[in-house]
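Student: After the sequence you'll find the predicted model.
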Amino acid sequence: MAYFLVCVDVSADERGVFLLLLNNLEAIIMSAILEIGGVKATELANQFKTPLYVYDQNQIEDTLTTFVENFKSEAFPTKIIYASKAFQAVQMVNLVADYGLGIDVVSGGELFTTLKSKMPREGIYFHGNNKSREELDLAFKSWVSHIICDNIMELNVIDELSHQYQQKMNIMLRLNVGIEAHTHEYIITSHIDSKFGFAFESEECSQCLALLTDHPYLTFEGVHCHIGSQIFDLTAWYAAIDKLVSALKTFEQPLVLNIGGGFGIKYTDDDQPIELAESLRLLIRYVETALLEQDVTITALMIEPGRSIVGGAGSTLYTVGYQKQTPEKLYYFVDGGMSDNLRPSLYQAKYACDLANKLDAPKTEKVTVAGKCCESGDILITECLLPPAEEGDLLVTYTTGAYGHSMSNQYNKNLIPAVVFVKDGVAREVIRRQTLEDLLRYEMLD
């Protein structure tokens, strides 16, 4: 930051006005620094170092309130299940539990983390297409009571464990309804050849239903599907609901209808998601109508939001290092990259950014923001407009609250950043930054 000494000759009468102008100038300078949850980005970076994941806790809580207040019906009970793969930490699980949500987990690690929180056991739903016997064993030992089954081989293992422990378990079958959300191919999860689930009309589904019939320990709880992520058009969701309701119509007893998640969020100006509260009300209304038209009763309607709860509440702070001008590009290099945000390299995800300590400066440079990893593909933002940067400036990428920390890695032995929740001017660390010593924690040094 540049400093200037200004000498001005003023009269005694003008001195008060001049001092007021100086105070206003100081306020203008301070307003050019990004604040998250009432704390300046520069203070966060100084205290917790960069790269740094920062969550605005008030924004998370506002979103949770929106879900709770709008996903409800007088025709059936509703349940919101947080998809913890988006971002999981014990304090995050505690937060969603405070708002009455359940949680879904997709690995033994996510289950173990949840077990260390205050989430009730009955609020845990265990997902995954290849749960190991060890992971399923942990579920039974921990008295988890809901498993979403993805294939017949898995159900056979669950059957064995239920007899071994003589313990009851609620089973939901994940159906592949053949509906594709219009999104990136890597985050479409319900096309006919997807690795997830099986068709209701398939022999595999028939085998699962036969195994569950009159089972002494396993209870068929309902059906589930998830058609993909970043859904901006509810049409595909409506089509999936129609197929699921038709499947439920074949059963005599009322069952749970779980329509998964996938609510789109805004990463850049190109993204135009439907307003969340309106999406929830439209889905409720559509399910109510579909059930009425097909004369089907359900015991509950469930959804599984993840990204839409935490994505927009999270930002990542970086320190700008060197710059490089090539014939075609101006690079700003930052002290992170694909090790803390894999999504741009994995499926060309796009983000918006700013210089957090120069918010009011004119954006006159066309820039490529690149990370420090030893890969040509380590590009966080391919093209953006930013102010001229100096070494030591802070760059913020917005909407990194989902899958940033979850996909973080130690490529090039980069340290995994800390995670901070900020609320009403107070920052608290919920996951500490890795240290160099942590890198050798599992090494055999002898």
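Tutor: Great, that's in hand. Keep in mind that what you see is a predicted model, and the values were worked out from it rather than measured.

Student: use CA for all of it now, contacts and neighbours both
Tutor: OK.

Student: Name the helix or strand for residue 104, please.
Tutor: If you go by DSSP states H and E, residue 104 is part of strand 102-105.

Student: do residue 215 as well
Tutor: For residue 215, there is no host helix or strand (DSSP H and E).

Student: residues of the helix or strand following the strand holding residue 104 that come out buried?
Tutor: Per DSSP H and E, the first helix or strand lying C-terminal to strand 102-105 is helix 108-115. Neighbour-count burial for helix 108-115 flags 108, 110, 111, 112, 114, 115 (criterion: 16 or more other Cα atoms under 10 Å).

Student: Residue 228: which of these is nearest?
Tutor: residue 110 (20.7 Å; Cα to Cα).

Student: what residues are up against the closest one?
Tutor: By Cα atoms under 8 Å, 6 or more residues apart in numbering, residue 110 lies in contact with 84, 85, 88.

Student: and these, which of them are in strands?
Tutor: With strands taken from DSSP state E, there is no overlap with the contacts of residue 110.

Student: Save these as CSV, and put in pLDDT too.
Tutor: Output for those, formatted as CSV (pLDDT from 0 to 100):
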residue, pLDDT
84, 97
85, 97
88, 98
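
Student: For the residues you listed, give me a markdown table that also has neighbour count and distance to residue 296.
Tutor: Listed next are the contacts of residue 110 as a markdown table, based on neighbours: other Cα atoms under 10 Å; distance: Cα to Cα, whole Å:
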| residue | neighbour count | distance to residue 296 |
| --- | --- | --- |
| 84 | 27 | 31 |
| 85 | 19 | 32 |
| 88 | 20 | 36 |
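
Student: Helices - which of the residues you listed land there?
Tutor: Using DSSP state H to define helices, no part of these is located there.

Student: of those residues, closest to residue 249?
Tutor: Checking the contacts of residue 110 one by one against residue 249 (Cα to Cα), the nearest turns out to be residue 84, at 30.8 Å.

Student: returning to that earlier point: could you dump the buried residues of helix 108-115 into CSV and include distance to residue 318 and pLDDT?
Tutor: Converted to CSV, the buried residues of helix 108-115 look like this (distance: Cα to Cα, whole Å; pLDDT from 0 to 100):
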residue, distance to residue 318, pLDDT
108, 32, 98
110, 27, 98
111, 31, 98
112, 31, 98
114, 29, 98
115, 33, 98
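
Student: Closest to residue 379 out of those?
Tutor: If you rank the buried residues of helix 108-115 by distance to residue 379 using Cα to Cα, residue 110 comes first, at 28.9 Å.

Student: how is this protein carved up into domains?
Tutor: In the domain annotation for the chain, the residue ranges read 35-54+313-439, 71-307 (automatic domain parsing).

Student: wait, which of the ones you listed is closest to residue 64?
Tutor: Across the domains of the chain, residue 64 has its closest neighbour in domain 71-307 (7.0 Å, Cα to Cα).

Student: in terms of contact, does residue 167 touch residue 217 like I think?
Tutor: Yes: in this structure residue 167 lies within contact range of residue 217 using Cα atoms under 8 Å: 6.0 Å.

Student: Once you drop chain neighbours, what's closest to residue 357?
Tutor: residue 33 (4.3 Å; Cα to Cα, 6 or more residues apart in numbering).

Student: And that neighbour, how far from residue 394?
Tutor: 10 Å (Cα to Cα, to the nearest Å).

Student: Which neighbours do these two have in common?
Tutor: Taking Cα under 8 Å, 6+ apart as the contact rule, residue 33 and residue 394 both touch 41, 42, 356, 357.

Student: So in this structure, which strand runs the longest?
Tutor: For the chain, the strand with the greatest residue count under DSSP E is strand 314-325.

Student: Go through that strand and flag the buried ones.
Tutor: 314, 315, 316, 317, 318, 319, 320, 321, 323.

Student: looking at the domains of the chain, which one has the lowest mean pLDDT?
Tutor: When those are ranked by mean pLDDT, domain 71-307 comes last with a mean of 93.

Student: what does the strand holding residue 104 contact?
Tutor: Outside strand 102-105, the residues that reach it (Cα under 8 Å, 6+ apart) are 79-85, 93, 96, 111, 119, 123-128, 304.

Student: Quick one: distance of that strand to the chain centre.
Tutor: How far strand 102-105 lies from its chain's middle: 13 Å, per Cα atoms, centre = their mean, to the nearest Å.

Student: Can you list the strands that it pairs with?
Tutor: Strand 102-105 has these partner strands in its sheet, going by DSSP bridges: strand 78-83 (parallel), strand 124-126 (parallel).

Student: Tabulate the ones you listed (TSV), appending mean neighbour count and distance to residue 160.
Tutor: Output for the strands paired with strand 102-105, formatted as TSV (neighbours: other Cα atoms under 10 Å; distance: least, Cα to Cα, whole Å):
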stretch	mean neighbour count	distance to residue 160
strand 78-83	24	27
strand 124-126	24	17
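
Student: So for residue 433, which of these sits nearest?
Tutor: Judging the strands paired with strand 102-105 by Cα to Cα, what sits closest to residue 433 is strand 78-83, at 23.8 Å.

Student: Much appreciated, bye for now.
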